[in-house]
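**Q** what's the 3D shape of this:
(one chain, ligands or ions: 3)
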Amino acid sequence: MPEIIRDRDRLLDRFLVSTEQMQQIESKIFAAGMPVAALMEKVGGLIARRFQILYPRTTHRRVGILVGMGHNGGDALVVARELYFQGYEIAIYVPSEQLSELTNQHYCYLSSLGVKIVDNVKDLTDRDVIIDGLFGFGLNREISGSLFEAIELINKSQLPIVSIDLPSGIHADTGCVLGIAIEATVTLCLGIWKVAFICEQAIEYLGKAELIDFDIPIADIQQILGKQPMITRMTTDRAISNLPLPRSSITHKYHQGHLLLIVGSAQYSGAAILASLGARATGVGMLSIAVPESLKPVLLNYLPEALIISCPETEAGTIKSLPELDLSKYQAIACGCGLTERPSKVVKQILAANCPIVLDADALNIIAKLGTEVSLASRTQPTILTPHIGEFKRLFTKIPTTNKLGAASAAAQASGAVILVKGARTVIAHDGKSIVIPDSTPALARGGSGDVLTGLIGGLIATDRRQDLDIAEVVATAAWWHSQAAILAATERSQLGVDPLTLTHYLNIVIAKASNNLDGDL
Ligand SMILES: NC(=O)C1=CN([C@@H]2O[C@H](COP(=O)(O)OP(=O)(O)OC[C@H]3O[C@@H](n4cnc5c(N)ncnc54)[C@H](OP(=O)(O)O)[C@@H]3O)[C@@H](O)[C@H]2O)[C@@H](O)CC1
Ligand SMILES: Nc1ncnc2c1ncn2[C@@H]1O[C@H](COP(=O)(O)OP(=O)(O)O)[C@@H](O)[C@H]1O
Ligand SMILES: [K+]
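**A** Numbers count the residues shown, from 1 in each chain. Ligands and ions are numbered 1, 2, ... in the order given. So this is what the prediction gives:
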């Protein structure tokens with residue numbers, strides 16, 4: 001029986017493949033009897049149908065199509081033929097003379113139909129829209145010569161471009177630009193998300209990315225990627241199912257977790273407020289906030305429900321020491337936002353706590369100075385480090401950062417911690433597995449956004465009561481939540497209107513919306 005479509009969509013959206021894995025999956029399908037030509041026909045048909053919705057003939061009749069020598073070009077030719085029969089006015093440009101067999105057959109048939117074939121890519125620049133079928137995941141070296149010039153010219157034309165599978169020029173496994181790449185308006189990724197779609201260097205080329213499902217059996221995907229794949233994408237249904245929702249009707253505050261935040265200084269009091277408001281959105285049962293004593297009034301003004309722990313402070317307004325505290329009563333501790341690097345003794349004390357701890361910002365710089373691995377060596381409970389790339393370099397001086405996914409997993413392996421590397425695409429690595437947050441917004445690129453995330457992570461860990469939920473899954477859920485709230489806020493207020501305080505207001509709204517949408521699906 002075919003997979004139930006809704007479940008299939010949800011599962012498919014979590015997968016991420018390398019070129020090699022995609023080729024292995026493809027081989028399985030072909031070995032099982034699916035003819036290669038039939039698959040290309042099916043994929044081309046799906047792309048053509050999607051294209052007609054995105055760019056109807058009534059508004060985008062004149063279509064220019066770039067055709068490469070491999071199967072990406074073959075897909076493009078099937079699309080060309082289908083659109084031709086739907087009444088689009090097609091012109092194709094085929095820069096290579098050596099086409100692969102199947103691609104060549106489609107080319108011959110199109111020629112026989114009298115479809116316009118142009119010799120110069122310039123002749124495509126007066127079109128309404130371009131379809132890019134030059135290279136897919138078969139791109140394996142730098143683009144140069146006339147191909148380079150063709151891509152350059154098409155990019156300059158400012159026409160909308162629909163890329164098939166990948167923007168030509170983007171390497172499927174690294175997201176790197178090999179010489180030059182098509183700047184797509186829309187990219188229709190075929191079958192399974194390729195790694196490039198979560199690489200920061202590819203973001204500006206992908207445009208709006210969509211997955212075109214061509215019915216690869218889930219069992220075949222799982223045979224190659226494993227039942228628990230090494231790298232997965234955090235998706236809406238996955239994240240929502242990880243939240244502490246719905247609550248038990250008979251729960252009480254002491255069953256909803258107790259989070260201790262250790263944050264703030266006179267200089268950075270706002271960071272303490274933002275982390276606290278992030279934590280508040282998780283509904284954590286009890287929230288204790290340790291701050292320098294002079295910050296108590298301002299914190300209470302924002303969070304009257306919080307238990308403020310007034311700490312003795314230095315002349316500079318930083319935490320001097322923690323008062324006598326029983327750390328065993330907290331389900332999680334998050335530390336570092338706005339702390340400054342002075343309270344290193346406090347951070348050392350926290351490292352000895354027998355509960356999960358989240359270290360961010362100044363706490364990261366403190367442990368980097370103490371020696372990251374040495375500092376974490378005696379931890380028995382999970383440690384979560386949430387560096388941006390600058391902090392990461394200080395924490396793990398020997399790990400190269402060109403490949404963020406690789407860097408995060410190397411750091412997780414070296415330290416035993418859960419590593420969350422921030423940025424346009426946040427990555428979470430732990431225990432040989434990585435989770436990527438596939439969607440976000442540059443609206444978050446402003447001071448204070450990260451403080452909100454620290455509070456969210458701490459709050460979610462403290463409230464988590466499920467035994468089966470991996471700690472990295474909880475951390476990734478918080479990061480997904482953070483991005484989704486920013487996306488919603490940016491939609492309603494523009495990318496400029498997502499100051500961190502506003503972001504905290506959207507945290508609960510976005511969850512209510514996402515849960516309602518999922519319920520509506522059922
Ligand atoms: N697998 C699947 O599940 C499905 C795959 N499908 C489709 O197939 C696509 C992959 O097809 P593909 O393997 O033929 O590779 P593709 O990207 O068309 O190009 C390879 C050609 O380019 C050449 N070449 C490389 N770099 C170059 C450069 N810099 N400059 C110049 N040339 C360069 C390379 O040359 P070679 O290395 O052989 O010398 C080779 O000839 C995939 O993206 C999707 O669209 C779907 O139809 C159905 C399901
Ligand atoms: N271009 C971007 N696109 C998406 N998210 C971004 C972008 N730039 C930054 N972010 C996110 O914003 C947050 C910034 O955190 P951080 O660098 O710690 O700042 P701060 O310490 O000032 O709060 C992180 O969650 C990061 O992933
Ligand atoms: K392409």
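
**Q** Tell me if I am right that residue 92 is in a strand.
**A** Yes - counting by DSSP: H, G, I helix; E, B strand; the rest coil, residue 92 is found in a strand.

**Q** Could you report the distance from it to ligand 3?
**A** Remark: distance between residue 92 and ligand 3 (Cβ to the ion, to the nearest Å) = 14 Å. For glycine as for every other residue, the C-beta is placed from the backbone atoms N, C-alpha and C.

**Q** dump the residue contacts of that residue.
**A** 64-67, 76-77, 80, 110, 115-118 (Cβ atoms under 8 Å, 6 or more residues apart in numbering).

**Q** which of these has the most neighbours?
**A** The most crowded member of these, judged by other Cβ atoms under 10 Å, is residue 65 (31 neighbours).

**Q** Tell me if it really is in a strand.
**A** Yes - with three-state DSSP as the criterion, residue 65 is assigned to a strand.

**Q** from memory it sits against residue 129, does it?
**A** No - using Cβ atoms under 8 Å, residue 65 is not in contact with residue 129, being 9.7 Å away.

**Q** OK, now which residue of the stretch 251-400 of the chain is nearest to ligand 2?
**A** residue 388 (3.8 Å; Cβ to the nearest ligand atom).

**Q** To clarify, my last question referred to the chain.
**A** residue 450 (2.2 Å).

**Q** measure the nearest residue to that residue once chain neighbours are set aside to residue 361 for me?
**A** The shortest distance from residue 450 to any non-neighbouring residue, by Cβ to Cβ, 6 or more residues apart in numbering, is to residue 422 (6.3 Å). Computed as Cβ to Cβ, to the nearest Å, the residue 422 to residue 361 distance reads 11 Å.

**Q** And for residue 304?
**A** 25 Å.

**Q** The two - which one has more neighbours?
**A** The neighbour comparison of residue 304 against residue 361 (other Cβ under 10 Å) goes to residue 361, with 25 against 7.

**Q** looking at it, the more buried one is touching residue 340, isn't it?
**A** No - the pair residue 361 and residue 340 does not pass the contact test of Cβ under 8 Å, sitting 9.5 Å apart.

**Q** residue contacts, the residue of the stretch 251-400 of the chain closest to ligand 2?
**A** By Cβ under 8 Å, 6+ apart, the contact set of residue 388 is 421-423, 450.

**Q** near ligand 2, which residues of the chain show up?
**A** 361, 388, 422-424, 426, 440-442, 444-445, 447-451, 453, 482 (Cβ under 6 Å from any ligand atom).

**Q** From these, list the buried ones, please.
**A** Applying 16 or more other Cβ atoms under 10 Å to the residues of the chain next to ligand 2, the neighbour count classes 361, 388, 422-424, 426, 440-441, 444, 448-451, 453, 482 as buried.

**Q** What are the buried residues along stretch 410-429?
**A** So stretch 410-429, judged by 16+ other Cβ under 10 Å, has buried residues 410-412, 414-415, 417-429.

**Q** same deal with stretch 497-515?
**A** In stretch 497-515, the ones that count as buried by 16+ other Cβ under 10 Å are 498-500, 502-504, 506-507, 510-511, 514.

**Q** Next, work out how far apart residue 104 and residue 79 are.
**A** On the measure of Cβ to Cβ, residue 104 and residue 79 end up 16 Å apart.

**Q** and what of residue 103?
**A** According to Cβ to Cβ, residue 103 stands 12 Å off from residue 79.

**Q** what does the protein put close to ligand 1?
**A** 22, 26, 39-40, 43, 68-73, 75, 100, 135-143, 147, 164-165, 190-191.

**Q** Which of those fall in strands?
**A** The strands, defined by DSSP state E, take in 164, 190 from the residues of the chain next to ligand 1.

**Q** For the stretch 251-400 of the chain, which residue gets nearest to ligand 1?
**A** At 24.8 Å from ligand 1, residue 400 is the closest residue in the stretch 251-400 of the chain, using Cβ to the nearest ligand atom.

**Q** rewinding a little: assign the residue of the chain closest to ligand 2 to helix, strand or coil.
**A** Taking three-state DSSP as the rule, one finds residue 450 in the helix state.

**Q** What is the nearest of the contacts of residue 388 to residue 315?
**A** Residue 315 has its nearest neighbour among the contacts of residue 388 in residue 450, at 27.4 Å by Cβ to Cβ.

**Q** Does the lowest-mean-pLDDT helix or strand in the chain pack against any helices or strands, and if so which?
**A** Ranked by mean pLDDT, DSSP states H and E, the weakest helix or strand in the chain is helix 5-12, scoring a mean of 86. Packed against helix 5-12 by the contact rule (3 or more Cβ pairs under 8 Å, 6 or more residues apart in numbering; DSSP states H and E) you find helix 218-225.

**Q** orientation of the helix it packs on relative to helix 5-12 in degrees?
**A** 10 degrees (axes from the mean of the first three to the mean of the last three Cα atoms, to 10 degrees).

**Q** can you pull the buried residues of helix 218-225?
**A** Neighbour counts over helix 218-225 (16+ other Cβ under 10 Å) mark 220-221, 224-225 as buried.

**Q** so after it, what's the next helix or strand?
**A** strand 231-233 (DSSP states H and E).

**Q** Return the distance of that next one from the chain's centre.
**A** 9 Å (Cα atoms, centre = their mean, to the nearest Å).

**Q** swap in stretch 279-289?
**A** Worked out by Cα atoms, centre = their mean, stretch 279-289 lies 26 Å from the chain centre.

**Q** Now tell me what touches that stretch from outside.
**A** Residues outside stretch 279-289 that contact it (Cβ under 8 Å, 6+ apart): 244, 247, 252-261, 263, 272, 276, 299, 303, 305-309, 330, 334, 455-456, 458-460, 462-463, 504, 507-508.

**Q** So which of the residues you listed belong to helices?
**A** 272, 276, 299, 455-456, 458-460, 462-463, 504, 507-508 (DSSP state H).

**Q** Give me the buried entries from those residues.
**A** 272, 276, 299, 455-456, 458-460, 462-463, 504, 507.

**Q** Which of these scores worst on pLDDT?
**A** Lowest pLDDT within these is found at residue 463 (93).

**Q** Go ahead and confirm that residue touches residue 258.
**A** No - contact criterion Cβ under 8 Å: residue 463 and residue 258 do not qualify, at 9.5 Å.

**Q** and residue 348, what element?
**A** Residue 348 is part of helix 344-351 when elements are defined by DSSP H and E.

**Q** where along the stretch 351-500 of the chain do the strands fall?
**A** 357-359, 383-385, 418-421, 427-430, 433-436 (DSSP state E, counting those that start in this stretch).

**Q** can I get those strands in a markdown table with mean pLDDT and distance to ligand 3?
**A** Output for the strands of the stretch 351-500 of the chain, formatted as a markdown table (pLDDT from 0 to 100; distance: least, Cβ to the ion, whole Å):
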| stretch | mean pLDDT | distance to ligand 3 |
| --- | --- | --- |
| strand 357-359 | 98 | 41 |
| strand 383-385 | 98 | 37 |
| strand 418-421 | 98 | 29 |
| strand 427-430 | 98 | 25 |
| strand 433-436 | 98 | 22 |
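
**Q** need those in CSV with distance to residue 199, can you?
**A** Converted to CSV, the strands of the stretch 351-500 of the chain look like this (distance: least, Cβ to Cβ, whole Å):
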stretch, distance to residue 199
strand 357-359, 26
strand 383-385, 22
strand 418-421, 13
strand 427-430, 10
strand 433-436, 9
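
**Q** Which pLDDT value belongs to the closest residue to residue 274 other than its chain neighbours?
**A** Residue nearest to residue 274 in three dimensions, not counting chain neighbours: residue 451, with 3.9 Å by Cβ to Cβ, 6+ apart. If you check residue 451, the pLDDT there is 98.
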